[in-house]
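Could you look at this predicted model? Sequence included:
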Amino acid sequence: MDEPNSFLFISSFISQAEDIVAVSSAIDSTGLIVQLLLIVAGLVFSALFSGSEVAFFSLTNRENLLPGEEAERSSDQLIIRMLNHPRRLLATILIGNTFANIITSVLAAVVTGSIVAHFGFSQFWVYFWEIIILTFTILILSEITPKIIAINEPLKNARRISRFIYVFYVLLKPLSSIIANSTLNLEERLPKPNSKMTSRDIMTMAEVSEREGSIKSDEREIIENVIEFGSISVREIMTSRVNIVAVSTSDSLDEVLSLIREKGLSRMPIYESDLDSILGIIHAKDVLPYINADIERTTINWRTIARKALFIPATKKLDDLLRDFQQEKTHIAIVVDEYGGTEGLITLDDILEEIVGDISDEYDDDEEKLYTRFRSGGYLFDAKIDLDDMEEILGCELTSEEDDFETLGGLMYHLTERIPNVGERVYYRDIEFTIHSVFNNRVRKVRTKVQGSRSRPSEESPKTKQ
């Protein structure tokens with residue numbers, strides 16, 4: 001459209017508006033009162049529809065509406081009947097609420113126009129304040145207040161308004177059904193959102209629940225341990241080869257009984273010549289029939305009472321191993337390396353402790369403490385302590401996911417790349433390690449002192465002193 005025609009159109013529209021205002025300059029008091037009453041009625045209807053939406057859809061347990069089969073209420077029956085079609089009910093409420101708000105807004109604009117025409121007020125400011133006042137009136141009187149009232153006693157308010165809503169539920173059935181079906185078809189065609197909950201989300205929820213007091217700290221730890229359970233390998237929690245308690249085929253009955261009494265173990269591997277030749281598993285209960293026998297004269301062929309051993313690789317995950325224990329009906333497995341040699345041993349108790357924490361029994365009363373804290377702030381650690389436990393004690397990070405060692409001794413070998421000497425010092429991540437004792441080429445004890453903010457070489461180039 002060119003500019004002259006546009007100007008003529010606007011001028012014509014303004015002149016017609018002036019004519020309408022001039023005709024309407026006289027206020028009809030009767031008509032104004034009727035319009036104001038209709039505005040109030042629109043606000044009331046909007047409030048009823050808004051409150052009913054909250055009241056009805058807060059009744060999630062519809063079976064508890066009726067106190068009993070004999071005590072039937074017509075209002076309860078109406079509520080159940082409408083809630084059986086929730087989409088249609090929601091469409092009916094929204095149609096009624098929208099229609100009431102539109103009627104209220106249109107009549108408010110008409111009344112405002114009459115006031116402007118009669119008193120000659122500025123149209124901009126009068127309509128501006130009309131919009132502000134009407135918006136707050138609808139929000140407070142027709143939306144917020146009725147919903148707050150309805151949510152406090154949803155069943156009571158739903159019963160009160162059930163007949164009113166049911167009338168519109170029936171009258172608006174054709175339109176509400178079309179809207180409900182349309183939304184259902186649209187929902188089916190829309191892409192489904194990816195609402196999968198990750199393990200990190202669950203751990204975050206557990207942490208928040210602990211802070212809010214919903215769960216205890218040990219419960220949070222169990223949740224986190226279960227989530228990480230499938231990613232832990234056997235090598236991380238197994239008993240290493242040097243700590244395996246086993247029975248030799250050449251051991252006497254007296255030696256085996258003494259070993260059972262001393263260690264309090266119910267299952268031990270049996271080997272021939274060395275631990276790389278494990279033949280099976282000896283159960284303590286299988287030795288019980290021989291307790292009353294002449295120990296010095298009784299000779300037992302341990303092969304005959306040994307049970308089949310389960311051999312697994314060190315890279316096997318704990319969840320897979322747990323299934324193997326269930327299928328094989330055993331509680332112990334021998335961990336072998338890539339060459340078939342014995343690398344360690346793992347039991348069902350080790351797996352359970354990874355979930356619920358350390359489990360002590362009557363034989364653990366005199367268990368050796370894995371660390372000692374000095375008044376000076378330093379520590380004396382057993383080299384077989386797990387680095388994860390050591391991190392909690394020292395409050396610092398010592399390992400990464402790429403590391404292939406799990407104990408303090410393994411860390412010392414990794415840093416020095418040889419068997420360290422007694423008294424040798426190693427600095428790593430602002431921590432000073434001093435080799436306290438070495439036995440049979442094995443680090444036994446390590447003194448540890450956190451250096452704080454002192455500058456030390458990084459982990460890539462640890463510094464050692466003789």
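On my side now, so go ahead.

low pLDDT regions in the stretch 301-450 of the chain?
360-368, 401 (pLDDT under 70).

where exactly do the strands run in it?
Here the stretch 301-450 of the chain has its strands, by DSSP state E, counting those that start in this stretch, at 311-313, 332-336, 342-347, 371-373, 379-382, 425-428, 431-439, 442-450.

Mean neighbour count and distance to residue 269 for those strands - can I get that in JSON lines?
C-beta here means a position set from N, CA and C on the backbone, and glycine is covered the same way. Formatted as JSON lines, the strands of the stretch 301-450 of the chain follow (neighbours: other Cβ atoms under 10 Å; distance: least, Cβ to Cβ, whole Å):
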{"stretch": "strand 311-313", "mean neighbour count": "14", "distance to residue 269": "10"}
{"stretch": "strand 332-336", "mean neighbour count": "22", "distance to residue 269": "6"}
{"stretch": "strand 342-347", "mean neighbour count": "22", "distance to residue 269": "7"}
{"stretch": "strand 371-373", "mean neighbour count": "14", "distance to residue 269": "29"}
{"stretch": "strand 379-382", "mean neighbour count": "19", "distance to residue 269": "24"}
{"stretch": "strand 425-428", "mean neighbour count": "19", "distance to residue 269": "35"}
{"stretch": "strand 431-439", "mean neighbour count": "18", "distance to residue 269": "24"}
{"stretch": "strand 442-450", "mean neighbour count": "18", "distance to residue 269": "21"}
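
where do the helices sit along the stretch 251-400 of the chain?
Secondary structure of the stretch 251-400 of the chain (DSSP state H, counting those that start in this stretch): helices at 253-263, 284-287, 302-305, 318-328, 348-356, 387-394.

Same list (the strands of the stretch 301-450 of the chain) but as TSV, adding distance to residue 233.
Converted to TSV, the strands of the stretch 301-450 of the chain look like this (distance: least, Cβ to Cβ, whole Å):
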stretch	distance to residue 233
strand 311-313	9
strand 332-336	10
strand 342-347	10
strand 371-373	25
strand 379-382	23
strand 425-428	24
strand 431-439	26
strand 442-450	23
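
Break the protein down into its structural domains.
13-189, 199-229, 236-362, 371-465 (automatic domain parsing).

can I get the helices of the stretch 251-400 of the chain in JSON lines with mean neighbour count and distance to residue 312?
Output for the helices of the stretch 251-400 of the chain, formatted as JSON lines (neighbours: other Cβ under 10 Å; distance: least, Cβ to Cβ, whole Å):
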{"stretch": "helix 253-263", "mean neighbour count": "15", "distance to residue 312": "23"}
{"stretch": "helix 284-287", "mean neighbour count": "15", "distance to residue 312": "22"}
{"stretch": "helix 302-305", "mean neighbour count": "14", "distance to residue 312": "22"}
{"stretch": "helix 318-328", "mean neighbour count": "14", "distance to residue 312": "6"}
{"stretch": "helix 348-356", "mean neighbour count": "15", "distance to residue 312": "12"}
{"stretch": "helix 387-394", "mean neighbour count": "15", "distance to residue 312": "22"}
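
Let's have those helices in TSV, adding distance to residue 102.
Formatted as TSV, the helices of the stretch 251-400 of the chain follow (distance: least, Cβ to Cβ, whole Å):
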stretch	distance to residue 102
helix 253-263	84
helix 284-287	83
helix 302-305	89
helix 318-328	60
helix 348-356	60
helix 387-394	64
